[in-house]
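J.: Build the 3D model from these lines:
(chains A and B)
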Amino acid sequence: MFKKILIANRGEIAVRIMRTCMSLGVQTVGIYSEADKDSPHVAMANEAYLIGGPRVNESYLNIEKIVEVAKTAGVDAIHPGYGLLSENASFAKRCQEEGITFIGPSPEVIAKMGSKIESRKVMEEIGVPVVPGITHPLSDVEEAVQVAESFGYPVMLKASAGGGGIGMQLVHDEEELRKVFAGNQKRATDFFGDGAMYIEKAIVNPRHIEIQVLADQHGNAVYLWERECSIQRRNQKVVEEAPSPFVDDELRRRMGEAAMKAVHALHYTSAGTIEFLVDENKNFYFLEMNTRLQVEHPVTEEITGMDLVEQMVRIACGESLGFTQEDVKREGHAIEVRIYAEDPKTFFPSPGTITKLVLPQGEGIRHELAVSERSVVSPFYDPMIAKCIVKGRDRKEAIEKLQEALAAYEVEGIKTNIPMLREVAAHPAFLNGDTTTQFVTQHVTGKK
Amino acid sequence: MSQITASMAGNVWKVLVQVGESVEEGQDVVILESMKMEIPIAAETSGIVKEVKTAEGDFVNEGDVLIELE
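T.: So this is what the prediction gives:
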């Protein structure tokens, strides 16, 4: 086992990873920006190092500085968490060159799956269904129009290097495509340093369902069932649950097998997630692969009883999984909601100081957070301040616990999306499991 | 004279107008970036830009004056 791990992240995920490291008897090294000097992850780490200014490119994205701290502190390994450098192939390679284990897959696999075009090619080659689209970057708007016409509108315009919410736009007709193409291309260049754009056929009213995988360095791999993450705002997930109310055993098996095919073809190691769009007829299409720990990993932990961070650490250490697909259990139902510092109606950010924080308590209620009363929620980082995860014997019980938990939450000083989450948790469509990616537009904001 | 202020704390991502330019009510004049979201700030009245009090990359607090119109 490693002796000392640097956690190249902040907020709740840094705290979450440190918790597992402590249980494994591994020393932790934290890093922090000037804006985070009073953050819980700094206090929790065995050692913590200031690495720069509040903006992420001055601190949490500064590869050289992080590697320097890792060497100074004498760590064996780095866990990147999610976001920030977690899917940065150069960072993973740099760790490798310095003799520090990167807790994640190889730089080559990260690079391949980080490109939407490359990852589609891989999936097409091994027979995993992909959404109809192109595998070469668009040269200009004229080509975009031509391609869109061949698929039929609506289409999804995407930045090759973009993430879930940024660099992606639903386009309904040619006029709209001509209007937005240049702006999106420029934004992709500004945000990601890569203006490559491509087009996919838009799957109308789909569900977002993903398969969690684990694979070791000895060729063993398992899938840990699915998570449904269809309820989103601004293309970012808000509610995630496992199992999906839409997936039957047959679909679960088919999606799991497709995920395993991808894992073996890629010689993937570590935890990873294969995201699919699923249409009303239960056809599924590969969307992207996240080569890291996901924000919503706790719902999988709750139904399988596994600690995914521990599994990642053990795999990076060279240990075998030690169990097979038949050993992976599935018990009960778990739901996670993300608490965002934002206006619940407009979704506009709401940075500020938390003046009151009361968390719901009780059996089957889990929190992942790194804020407390008097915490300053900075405008420099993601708006997510906490995650609340509930578990019940079945979906009905899990929803009841969620409703109780959300009713008991008290957050003052900043606006949060808790009122919106309460509305979702009580909505008949949610209770019925009618959860598509259009849920928020159709049932929450759209009706107003 | 009227002032256009920041409706939230964040970084100035784009300044869309220059001194001397005329703007219409509702026209976006600055784009702020906060918590990985871009928020356009619009003029509440029409006028001529007298002074641009911020620059791209600046950090502003809620209520800070971004643009002065006359």
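J.: Tell me the residues of chain A that contact chain B?
T.: Taking C-beta under 8 Å from any C-beta of the partner chain as the contact definition, chain A meets chain B at A:55, A:165-166, A:234, A:341-342, A:347-352, A:379-383. Bear in mind the C-beta positions are built from the backbone N, C-alpha and C, glycine included.
J.: Among those residues, which lie within strands?
T.: A:G352 (DSSP state E).
J.: Just the buried residues of the residues of chain A next to chain B.
T.: A:55, A:166, A:341-342, A:347-352, A:379-383 (16 or more other C-beta atoms under 10 Å in any protein chain shown).
J.: Show me which of the residues you listed is closest to A:S86.
T.: The nearest member of those to A:S86, counting by C-beta to C-beta, is A:D382 at 12.8 Å.
J.: thought that closest one was touching A:G83?
T.: Yes - between A:D382 and A:G83 there is a contact at 6.8 Å, judged by C-beta atoms under 8 Å.
J.: which secondary structure element contains residue 68?
T.: Since no chain was named, I'll use chain A. helix A:63-73 (DSSP states H and E).
J.: should've been chain B
T.: Applying DSSP H and E, one finds B:E68 within strand B:65-69.
J.: and the residue in chain B that chain A sits nearest to, what is it in contact with?
T.: Chain A sits closest to B:M35 of chain B, with a gap of 3.8 Å, by C-beta to the nearest C-beta. The contact partners of B:M35, by C-beta atoms under 8 Å, 6 or more residues apart in numbering or on different chains, come to A:341-342, A:349, A:351, A:379-383, B:10.
J.: Mind picking the two most distant members of those?
T.: Largest separation among those by C-beta to C-beta: A:E342 and A:F380, giving 15.0 Å.
J.: would you put the C-alpha positions of stretch A:193-203 in PDB?
T.: Extracted as PDB, the C-alpha positions of stretch A:193-203 are listed here (Å, rounded to 0.1, in the frame of the first residue of the first chain):
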ATOM      1  CA  GLY A 193      -7.600  25.700 -26.500                       C
ATOM      2  CA  ASP A 194      -9.100  23.500 -29.200                       C
ATOM      3  CA  GLY A 195     -11.800  24.800 -31.600                       C
ATOM      4  CA  ALA A 196     -12.600  21.400 -33.100                       C
ATOM      5  CA  MET A 197     -16.400  21.000 -33.500                       C
ATOM      6  CA  TYR A 198     -18.600  18.100 -34.500                       C
ATOM      7  CA  ILE A 199     -22.200  17.300 -34.900                       C
ATOM      8  CA  GLU A 200     -24.400  14.500 -33.600                       C
ATOM      9  CA  LYS A 201     -28.000  13.600 -34.200                       C
ATOM     10  CA  ALA A 202     -29.900  14.700 -31.100                       C
ATOM     11  CA  ILE A 203     -31.800  11.900 -29.400                       C
END
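J.: avg pLDDT for that stretch?
T.: Averaged across stretch A:193-203, the pLDDT comes to 86.
J.: So what touches it?
T.: A:116-117, A:131-138, A:144, A:147-148, A:151-161, A:170-171, A:181, A:184-186, A:188-189, A:277, A:279, A:285.
J.: Which parts of it count as buried, going by neighbours?
T.: For stretch A:193-203, burial by neighbour count (16+ other C-beta under 10 Å) applies to A:195-203.
J.: And stretch A:202-215, by the same measure?
T.: Here stretch A:202-215 shows A:202-203, A:206-215 as buried, counting by 16+ other C-beta under 10 Å.
J.: What helix or strand is A:Q212 located in?
T.: With DSSP H and E as the criterion, A:Q212 is inside strand A:207-215.
J.: and that strand, which strands flank it?
T.: strand A:221-233 (antiparallel), strand A:270-278 (antiparallel) (DSSP bridges).
J.: Let me know the pLDDT of the residue lying closest to A:F380 once chain neighbours are set aside.
T.: Nearest non-adjacent residue to A:F380, counting by C-beta to C-beta, 6 or more residues apart in numbering or on different chains: A:P54, 4.7 Å away. You'll see A:P54 listed with a pLDDT of 90.
J.: Can you report how many residues lie near A:P54?
T.: By other C-beta atoms under 10 Å in any protein chain shown, the residues close to A:P54 number 17.
J.: what does A:Q325 give?
T.: 12.
J.: Now do the SS call for the nearest residue to A:L406 once chain neighbours are set aside.
T.: Closest residue in space to A:L406, ignoring its immediate chain neighbours: A:R422 at 4.8 Å, by C-beta to C-beta, 6+ apart. Using DSSP: H, G, I helix; E, B strand; the rest coil as the criterion, the local structure at A:R422 reads helix.
J.: For A:R422, grab the count of nearby residues.
T.: Number of residues near A:R422 (other C-beta under 10 Å) recorded here: 18.
J.: Just to check, it is in contact with A:A408?
T.: No - proximity of A:R422 to A:A408 does not meet the contact threshold set by C-beta under 8 Å, at 10.8 Å.
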